[in-house]
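Visitor: Make a model of this:
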Amino acid sequence: MTEAAHRHAGEELCEAGLGLYARALREGHLPGEEAAGAPCLVDTGLLYPSVEDLTRLVPVAPAVALQRLLRSSEERIAGERRRGERLADAFEPLIRHAGPTAAGEDTPFLRILTSKERTGRAIAEAMAEGRDQLLTVQPHDGLVTASHHNHEAAMQRDQAFLDNGGRVRALYQHTVRHAPLIIGRYERLKGDVEARTLNEVTERLVIVDRTVAFIPASPDRSLALEVRHPALVAYFVTTFDRLWHLATPMHPRAVRQPTLNGISPRQRAIAALLVEGHTDATIADRLGMNVRTARVHIAKLAATLRSESRAQLGYLIGQSGILDQER
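Guide: Numbering: from 1, shown residues only. This is a model prediction of the structure:
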């Protein structure tokens, strides 16, 4: 195989290269001329010349080689993301100042925000211009990972919005009703602010003055989508309003959810997901709790219904009628 015929992406390994690397691992070394047909082995650092004999190549341990390749891949991805941010920064003023075009008049105004920092700035700008209402859906996982600095910045942003005469309506999951971070947040905010909770909520959603909405655009929320199309924003507002009417008040007047027949509201929510066949991990994720807590509630539910197995528990849930008591 010639070197010209062997070309492929830098960090990729061809079948021939993998075969030679496996052989080098088995035998402890490889003659240099035999590796000439697969230069990727040397280029990626999988083989390197022996100190005792420069004509022989010795292999790097697979675990070390994998970490090097992964690090290189991560650096390349980070570089592409920085390039995307530079492009977005360069085009943002052009988009803002560009006049409407024949094609653009009927095109929804959508803007990708390429980092959490850019998303935070865009939300802050929208709220600084807003005077009416802020509607938010806040899933539980973001509350755990939010830094103190980000939390304080959001507090200041919300208070400034309230000081300008705005109203704040926030939806959370039931699992945060007694979280010190959330309780403290609403004890400190002054103005027209309400919070309610549900067993399950949508992904994160921020709506300002019913004119602009922000939603995640990637699973890790490193990207966000700014939406200004009236039809899409109206759809998000309708979704929020329907969830709001189903939710239980948390602030300023907390409403305690009733325990019926020895089954707590959280256990009823778990029971509904159990009969749908979900795993403990899925139940925990959807209800905003860790798996250990979910299993404790499942055990209590099983004890209350006197169930001796998972299959029997599903049957007893159906027979008990506890799901008929759900809101």
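
Visitor: for this structure, what spans make up the helices?
Guide: Assigned by DSSP state H, the helices in the chain fall at 15-27, 40-43, 62-97, 116-129, 140-145, 148-163, 180-188, 230-246, 265-275, 280-287, 291-305, 310-320.

Visitor: quick one: residue 14 and residue 40 touch, right?
Guide: Yes. Using C-beta atoms under 8 Å, residue 14 is in contact with residue 40, at 6.6 Å. The way it works is simple: take the backbone N, C-alpha and C, and place the C-beta from them, glycine included.

Visitor: more neighbours, the two?
Guide: Taking neighbours as other C-beta atoms under 10 Å, residue 14 and residue 40 compare with residue 40 leading, 24 against 16.

Visitor: how close does residue 61 get to residue 75?
Guide: Residue 61 sits 21 Å away from residue 75, taking C-beta to C-beta, to the nearest Å as the criterion.

Visitor: One more: residue 23?
Guide: Counting by C-beta to C-beta, the gap from residue 23 to residue 75 is 30 Å.

Visitor: Same drill for the two, tell me which one is more crowded.
Guide: Per other C-beta under 10 Å, whichever of residue 23 and residue 75 has more neighbours is residue 23, with 14 against 10.

Visitor: can you pull the pLDDT of the closest residue to the more buried one other than its chain neighbours?
Guide: Nearest residue to residue 23 in three dimensions, chain neighbours excluded: residue 30, at 6.5 Å (C-beta to C-beta, 6 or more residues apart in numbering). Note for residue 30: predicted pLDDT of 79.

Visitor: how close does residue 30 get to residue 52?
Guide: Using C-beta to C-beta, which is the criterion applied here, residue 30 is 14 Å from residue 52.

Visitor: which one of those two has more residues nearby?
Guide: Neighbours were counted for residue 30 and for residue 52 using other C-beta under 10 Å; residue 30 has more, 22 against 8.

Visitor: Residue ranges in this protein under the pLDDT threshold?
Guide: For the chain, the stretches flagged by pLDDT under 70 are 1-13, 96-108, 141-150, 254-262, 324-327.

Visitor: Pop the domain breakdown of it in here.
Guide: Per the record, the chain has its domains at 4-60, 109-251, 265-325, by automatic domain parsing.

Visitor: And the shortest one, how far out from the chain middle?
Guide: Its chain's C-alpha centre lies 40 Å from the corresponding centre of domain 4-60 when counted by C-alpha atoms, centre = their mean, to the nearest Å.

Visitor: for the second one, same thing?
Guide: Taking the mean of its C-alpha atoms, domain 109-251 sits 15 Å from the chain's own mean (C-alpha atoms, centre = their mean).

Visitor: what about it, start to end distance?
Guide: In domain 109-251, first residue to last residue: 34 Å (C-alpha to C-alpha, to the nearest Å).

Visitor: Quick check: the residue positioned nearest the centre of the chain vs residue 180, distance?
Guide: Compute the mean C-alpha point of the chain, and by C-alpha atoms, centre = their mean the closest residue is residue 220, 3.6 Å away. Relative to residue 180, residue 220 is positioned 26 Å away (C-beta to C-beta).

Visitor: Please apply the same query to residue 224.
Guide: Relative to residue 180, and taking C-beta to C-beta, residue 224 is found at 27 Å.

Visitor: of the two, who's got more company?
Guide: Between residue 224 and residue 180, counted using other C-beta under 10 Å, residue 224 has the larger neighbour count: 24 against 8.

Visitor: For the more buried one, list the residues it contacts.
Guide: Contacts for residue 224 (C-beta atoms under 8 Å, 6 or more residues apart in numbering) come out as 112-113, 116, 118-119, 122, 214-217.

Visitor: 7 Å - rerun?
Guide: Counting by C-beta atoms under 7 Å, 6 or more residues apart in numbering, residue 224 touches 113, 119, 214-217.

Visitor: Tell me who's in contact with residue 53.
Guide: With contact set as C-beta under 7 Å, 6+ apart, residue 53 has no partners.

Visitor: mind exporting stretch 61-72 as CSV, just the C-alpha atoms?
Guide: This file holds the C-alpha atoms of stretch 61-72, laid out as CSV (Å, rounded to 0.1, in the frame of the first residue of the first chain):
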residue,chain,number,x,y,z
ALA,A,61,-0.3,1.7,25.6
PRO,A,62,-3.9,1.7,24.2
ALA,A,63,-5.3,3.6,27.1
VAL,A,64,-2.8,6.4,26.7
ALA,A,65,-3.3,6.5,22.9
LEU,A,66,-7.1,6.7,23.3
GLN,A,67,-6.8,9.6,25.7
ARG,A,68,-4.5,11.5,23.3
LEU,A,69,-6.9,11.0,20.4
LEU,A,70,-9.9,12.0,22.4
ARG,A,71,-8.2,15.1,23.7
SER,A,72,-7.3,16.0,20.1
